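Novice: Quick one, structure for this:
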Amino acid sequence: MIYVIADTHIPKRASRIPSEFIEKVKADDFIIHAGDFSELKVFRELEGLTTLYAVYGNMDCPQIKEVLPSKKIFELSEFRIGLIHGFGSSLDLVQRISEQFREKPDLIIFGHTHSPCNLRTGSTLFFNPGSLSGNISPAQGSYGILHLEQGNMRGEVVFLK
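Specialist: Alright, predicted model coming up:
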C-alpha cells in the first residue's frame, strides 16, 4: 500500500500521528509525506515504520530542512513521481508547482493547502491528501492512498473517523 500524508504539524496542531493511521501501516508499505512535519521526531517516527519518501515544508524546523530536500523526483512501479510541499497562495498553486518540475512527472504530490486535491491536468495527476492533523476545513483529518496499477494511477482521499 502507498500512503500519502502532508501537513501533520505536530505538536502545534496535533499532539501525535493519529493511531488510526499508524495502525494501518505495515513494514512493506510506503509513506509519502509532502512536508510540514514541524518537528524532526515526527519524521523519525514515520521513517521507523516503513519506507518513507519526504520533502520539507514551509513550517518545518531547521533540523528537517537539513535532512530533506524541498522537492524530489522518484519512481514507484512504472511512474515518475514529483514531490513538493507547495508555497504561497492556494490560487494557481497547481500551475506554480507544475513549473517547479522541468521533466514533467506522471504524478505530482503536494501539500500546503490542507485541502484534498485529486486533479488530472493533461497527462499529470496532481494529488494532495489534505492534512493528517485535520487543522483546516474540513476539521476532519485526511490522508491519501495511491493506486498504481499497470498503465493506470489514481489517488484516493480517506478521511479519519
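Novice: Next, the buried residues of stretch 62-70.
Specialist: Using 16 or more other C-beta atoms under 10 Å as the test for burial, stretch 62-70 gives 64, 68, 70. C-beta here means a position set from N, CA and C on the backbone, and glycine is covered the same way.
Novice: actually stretch 89-103, sorry about that
Specialist: In stretch 89-103, the ones that count as buried by 16+ other C-beta under 10 Å are 93-94, 97-98, 101.
Novice: Flag the shaky bits of the chain, pLDDT-wise.
Specialist: The chain contains residues with pLDDT under 70 at 135-138.
Novice: thinking again about what came up before, now the buried residues of stretch 62-70 as JSON lines including secondary structure?
Specialist: Conversion of these to JSON lines gives the following (DSSP: H, G, I helix; E, B strand; the rest coil):
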{"residue": "Ile64", "secondary structure": "helix"}
{"residue": "Leu68", "secondary structure": "coil"}
{"residue": "Ser70", "secondary structure": "coil"}
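Novice: Which single one of these is nearest to Phe110?
Specialist: For the buried residues of stretch 62-70, the residue nearest Phe110 by C-beta to C-beta is Ser70; the value is 11.7 Å.
Novice: Does the closest one touch Gly82 like I think?
Specialist: No: using C-beta atoms under 8 Å, Ser70 is not in contact with Gly82, being 11.8 Å away.
Novice: wait, what's in contact with the residue most central in space within the chain?
Specialist: When C-alpha atoms, centre = their mean is applied to the chain, the residue found nearest the centroid is Ala34 (3.2 Å). Counting by C-beta atoms under 8 Å, 6 or more residues apart in numbering, Ala34 touches 4-7, 54-55, 57, 83-86, 109-112, 128-129.
Novice: No further queries at this time; thank you.
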